[in-house]
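J.: Mind folding the following:
(one chain, ligands or ions: 2)
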Amino acid sequence: MEKKYILAIDQGTTSSRAIIFDKKGNKIAVAQKEFPQYFPKSGWVEHDANEIWQSVQSVLADLFIHSGAQPSEIAAIGITNQRETTVVWNKNTGLPISHALVWQSRQSADICDQLIADGYENFFHKKTGLVIDAYFSATKIRWILDNVPTAQEMAEAGDLLFGTIDTWLLWKLTNGESFATDVTNASRTMLYNIVEEKWDEEILHLLNIPVSMLPEVRKNSEIYGYTKDFHFFGESVPIANLMGDQQAALVGQQCFEEGMIKNTYGTGAFIIMNTGENPHFSENKLLTTIAYKLDDKVTYALEGSIFIAGSVVQWLRDGVKILTHADQSEEMAYKSDTDDDIYLVPAFTGLGAPYWNQNARGAIFGLTRATNDNDLVKAALQAICYQTKDILDTMTNDTGISIPSLRVDGGATANSYLMQFQADVLNVPIRRPENAETTAFGTALLAGLAIGFWKNKTEVERMDGKLYQPNMDKERREKLYQGWVRAVTATQTFSK
Ligand SMILES: Nc1ncnc2c1ncn2[C@@H]1O[C@H](COP(=O)(O)OP(=O)(O)O)[C@@H](O)[C@H]1O
Ligand SMILES: O=P(O)(O)OC[C@H](O)CO
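T.: Ligands and ions are numbered 1, 2, ... in the order given. The predicted structure follows:
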């Protein structure tokens, strides 16, 4: 059959998606499934890697059953994934030895505190571009090896494998034949030297992690392996891109020039600026990371990571139950008639950039007897926008590059209250592309390039969908933001 399509697997923090794109980059079909989240202790977030794999199989089945597309029409597959989330499995049984530790999870905060106390911050920063934090995979691996009985011995005997979700899915789809990751996911482990482009022996030695656990690191547009014995495909389909979801969104937004920037509002929010061929090491605790590697050339990026964005809306839905659906949050925020003087600091799993406070926990300020559910929803959405401003201001300070407009994508960008308030507090226009599946398009694009389905990375035109223009006067903007700064400061004081 004619190979008409590229299939993207987008394995996110809260759901797995499969999307088919045609040659023009149009989304032909999509299937999505949420999977369970586990919160065993304060600040801990876990997944079951087998449930993730089942959710991926389930969305693939849905996609082919409902779209009419045939597996034999798929030219290539791209896999993009929640980054940092750590799976350790036994290569003989194929079974994970523990729950996957999710990127948001704080199990390994003590290991990080010890590394910081021992003076290793600069050591890690200059090699990996990262700050020492439980966010990244390295200390999560160490935690699993310390806490699962006999894990260290098994690892030293060569029986255990580590992977982020890209690697886990590649291994499953190829029936254990391919054990690899890509530079973007590797650059989030805190084990990968982003300048020398290799697993860093000194870090592995320091953390006592056997190199035999680690996957081969590959570039972003090449064949990683072929589907094997996999009944949906019935034949070998090449897997031609692996890529962390935030970098895939950068590619999907076609931010290929230095200085171009995007924010993806999913579970967390991640602001990434393309910084070109040379890594820019931040003096303000932004992360230096790899944007992509094409034709043997690495492009670097600067990133600000917000741990809680759309997941504050999930918390309002599932935790405090003042919403039934995430999309109700828009109407409720518009209904609130406070003077924007309630601040919700969603530090449920600490604070990411630019604060990097592992111990902070959430807080609400400014409550009165008149405060209602609409007001809390509005404050939660506003917090996403203030956190984004924290990072864009830091990026401008750090690079000297002022940001004329912001490209956005991700599930929460469906909320027009959020988008308008974001434009207002930043005082820059916000552009949301017409086709919001930007992350999936990024992985599809690079998978398609690898096999000649597309000839160059700008061949497919992406349309601007909606533009939100800022509409708030300077005095009010500054007053509101000062309130946020006070709220974050107070939250951190309480949490110490
Ligand atoms: N209309 C909405 N308003 C605000 N948040 C939303 C809305 N729709 C979805 N979300 C939030 O967006 C997130 C899902 O976005 P998605 O890009 O699928 O995330 P992920 O890839 O992290 O799983 C959820 O946290 C959800 O609460
Ligand atoms: O699942 P998302 O879309 O929130 O993305 C998670 C990030 O990759 C974590 O670094």
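
J.: quick one: the strands in the stretch 151-300 of the chain?
T.: Listed in chain order, the strands of the stretch 151-300 of the chain (DSSP state E, counting those that start in this stretch) span residues 160-163, 180-182, 192-193, 198-199, 216-218, 225-226, 238-244, 261-265, 269-276, 287-294, 297-306.

J.: Take the ones you listed and lay them out in TSV including mean neighbour count, distance to residue 104 and mean pLDDT.
T.: C-beta here means a position set from N, CA and C on the backbone, and glycine is covered the same way. Shown next, in TSV, are these (neighbours: other C-beta atoms under 10 Å; distance: least, C-beta to C-beta, whole Å; pLDDT from 0 to 100):
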stretch	mean neighbour count	distance to residue 104	mean pLDDT
strand 160-163	26	18	98
strand 180-182	27	20	98
strand 192-193	23	21	98
strand 198-199	14	24	98
strand 216-218	17	24	97
strand 225-226	20	29	94
strand 238-244	30	15	97
strand 261-265	26	15	95
strand 269-276	25	12	94
strand 287-294	24	16	96
strand 297-306	23	10	95
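
J.: Please identify which of those strands is closest to residue 317.
T.: Proximity to residue 317 (C-beta to C-beta) singles out strand 261-265 among these, at 15.9 Å.

J.: check contacts around the residue in the stretch 51-200 of the chain that ligand 1 sits nearest to.
T.: Nearest residue of the stretch 51-200 of the chain to ligand 1: residue 82, at 6.6 Å (C-beta to the nearest ligand atom). For residue 82, the contact set (C-beta atoms under 8 Å, 6 or more residues apart in numbering) comprises 11-13, 102-103, 165, 245, 267.

J.: next one: residue 302
T.: Neighbour list for residue 302: 272-273, 275, 280, 282, 286-289, 395, 398-399 [criterion: C-beta under 8 Å, 6+ apart].

J.: change it to 10 Å
T.: Contact analysis of residue 302 by C-beta atoms under 10 Å, 6 or more residues apart in numbering lists 129, 261, 271-275, 279-282, 284, 286-289, 291, 391, 394-395, 398-399, 401.

J.: Kindly identify which of those residues also come near ligand 2.
T.: Residues of these in contact with ligand 2 (C-beta under 6 Å from any ligand atom): none.

J.: what's near enough to touch the nearest residue to residue 210 once chain neighbours are set aside?
T.: What sits nearest to residue 210 in space, not counting adjacent residues and going by C-beta to C-beta, 6 or more residues apart in numbering, is residue 155, at 5.1 Å. Contacts for residue 155 (C-beta under 10 Å, 6+ apart) come out as 88, 97, 141, 144-145, 148, 161-162, 208-210, 212-213.

J.: Would you mind listing which of the residues you listed are buried?
T.: The neighbour count (16 or more other C-beta atoms under 10 Å) marks 88, 97, 141, 144-145, 148, 161-162, 209-210, 213 as buried among the contacts of residue 155.

J.: Next to ligand 1, which bits of the stretch 201-350 of the chain? Give me the list.
T.: Residues of the stretch 201-350 of the chain lying near ligand 1 by C-beta under 6 Å from any ligand atom: 266-267, 310-311, 313-314, 326-327, 329-330.

J.: So the chain: which segments form each domain?
T.: Annotated domains of the chain cover 5-235, 249-495 [the TED database].

J.: Endpoint to endpoint, the first one covers what distance?
T.: Pointing back at domain 5-235 there. Start-to-end span of domain 5-235 (C-alpha to C-alpha, to the nearest Å) is 15 Å.

J.: try the last one
T.: The stretch domain 249-495 measures 33 Å between its terminal residues, going by C-alpha to C-alpha.

J.: Closest residue of the stretch 101-250 of the chain to ligand 1?
T.: residue 245 (6.4 Å).

J.: Ok, the chain next?
T.: In the chain, the residue found nearest to ligand 1 is residue 411; the distance is 2.1 Å by C-beta to the nearest ligand atom.

J.: chain center to the helix or strand bottoming out on mean pLDDT in the chain, what's the gap?
T.: Ranked by mean pLDDT, DSSP states H and E, the helix or strand of the chain with the weakest confidence is strand 464-468, at a mean of 85. Put simply, strand 464-468 sits 23 Å off its chain's centre (C-alpha atoms, centre = their mean, to the nearest Å).

J.: Show me what it is packed against.
T.: Judged by 3 or more C-beta pairs under 10 Å, 6 or more residues apart in numbering; DSSP states H and E, the packing partners of strand 464-468 are strand 406-409, helix 416-426, strand 430-433.

J.: Where is pLDDT lowest across the residues of the stretch 201-350 of the chain next to ligand 1?
T.: Between these, the one the model trusts least by pLDDT is residue 267, at 87.

J.: Pretty sure that one sits against residue 14.
T.: Yes: under the criterion of C-beta atoms under 10 Å, residue 267 makes contact with residue 14 at 5.5 Å.

J.: higher neighbour count, these two?
T.: Shown here are residue 267 and residue 14; by other C-beta atoms under 10 Å, residue 267 has more neighbours (28 against 17).

J.: Make sure residue 55 is actually in contact with residue 33.
T.: Yes: Residue 55 is in contact with residue 33 according to C-beta under 10 Å; the separation is 4.8 Å.

J.: tell me, what's touching those two both at once?
T.: Shared contacts of residue 55 and residue 33 (C-beta under 10 Å, 6+ apart): 15-18.

J.: quick one: contacts for residue 245?
T.: By C-beta under 10 Å, 6+ apart, the contact set of residue 245 is 10-13, 79-83, 165-166, 184-185, 252, 264, 266, 270, 410, 438-440, 442-443.

J.: so where's this protein shaky on pLDDT?
T.: Low-confidence segments of the chain (pLDDT under 70): 436, 462-463, 496.

J.: Residue numbers of it in contact with ligand 2?
T.: Counting by C-beta under 6 Å from any ligand atom, the chain sits next to ligand 2 at 12-13, 82-84, 103, 244-246, 266-268, 270.

J.: how about 8 Å then?
T.: Residues of the chain found near ligand 2 (C-beta under 8 Å from any ligand atom) are 12-14, 81-85, 103-104, 135, 188, 244-246, 264, 266-270, 305, 309-311, 410, 439.

J.: do you know how far residue 407 is from residue 18?
T.: Going from residue 407 to residue 18 by C-beta to C-beta, to the nearest Å gives 24 Å.
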